[in-house]
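> sequence unknown, structure follows:
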């Protein structure tokens, strides 16, 4: 019999493209997920996937069950929202702080969908740059921080969002333009252009430059477009998430290069105080982020 766990597994496979990543999403071993898929295929006597170099591709039968999974789980989610409303007053506030400032572009459609589902909840962005965004949670000035993992803290509810690659951004005429990949040593003597945040929150500095003993001159700008203008005019280089630079690269404004052999990767989380974790709309907001971003952002992987 087809069960909800099967439907969730199909969606996980569709969004990740690989069994190992999908298994992690639904908290199964790869062999357990494979067995689950074989059970479905045996029940209907069809193949659900074809294996390609790019990963798993759904067959026509698999696409049909995937469509059922999406329709069913969306209907369950809507029913759960209605039940939450019937249980009590769901009016509230969701004040969001962005640690990752390039999140702004993709967050807008997320907030639009959240407002559609929860019109009684007031959504707001806490403006400005914050050296310690988690402090805003403790002080009651924000409800949710979107940023890096804060470490093990009992007072916090931490929800994984997705993994993304950070790329080195250089001018079209830069001396490194012909390199496929850039390593720390290549950057000696450069000026690093960043948002005005502490150095320990900058992945390139923390993960690449400091271990190599490299210290770069640093210049800051508050807006992504300002950083891109400085890079394009050869005032320095930047290191930004792949989704944040895609539009500029596609329009030949700047070049983006992988950092290191395997790339420089970072992870994004939604962090709230544990007292806020029981709020009926928090999990739905996280689900909207994951669903929207996997559909709209290239080169990410759900955690």
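The structure has been received and is ready for your questions. Just so it is clear, the structure is predicted and the values come from calculations on it, not from any experiment.
> Where does pLDDT dip in this structure?
Along the chain, no part satisfies pLDDT under 70.
> Do you have the strands of it handy? List them.
With DSSP state E as the criterion, the chain has strands at 49-52, 55-58, 92-98, 121-125, 144-147, 156-170, 181-182, 191-194, 217-220, 238-241, 255-259, 264-273, 301-302.
> contacts for the last one?
Strand 301-302 is contacted from outside by 15-16, 21, 25, 160-164, 290, 294, using Cβ atoms under 8 Å, 6 or more residues apart in numbering. In this view, the C-beta of every residue, glycine as well, is placed from N, C-alpha and C.
> tell me which of those is nearest to residue 202?
Nearest to residue 202 out of the contacts of strand 301-302 is residue 164 (Cβ to Cβ; 14.9 Å).
> residues contacting the closest one?
Each residue near residue 164 by Cβ under 8 Å, 6+ apart is listed here: 241-243, 265-268, 297, 299-301.
> neighbour-wise, which of the residues you listed leads?
residue 241 (23 neighbours; other Cβ atoms under 10 Å).
> That one and residue 165 touch, don't they?
Yes - contact criterion Cβ atoms under 8 Å: residue 241 and residue 165 qualify, at 7.4 Å.
> what touches both of those two?
Joint contacts of residue 241 and residue 165 (Cβ under 8 Å, 6+ apart) are residue 266.
> can you point me to the longest helix in the protein?
Longest helix in the chain, counting residues (DSSP state H): helix 60-87.
> Remind me what that helix packs against, helices and strands.
Counting contacts by 3 or more Cβ pairs under 8 Å, 6 or more residues apart in numbering; DSSP states H and E, helix 60-87 packs against helix 4-16, helix 282-296.
> between those helices, which one is nearest to residue 117?
Between residue 117 and these, the shortest gap by Cβ to Cβ is with helix 282-296, which sits at 6.4 Å.
> And that closest one, what's buried?
282-286, 288-294 (16 or more other Cβ atoms under 10 Å).
> Mind giving me the packing neighbours of that helix?
Using 3+ Cβ pairs under 8 Å, 6+ apart: helix 282-296 touches helix 60-87, helix 104-117, strand 144-147, strand 156-170, strand 264-273.
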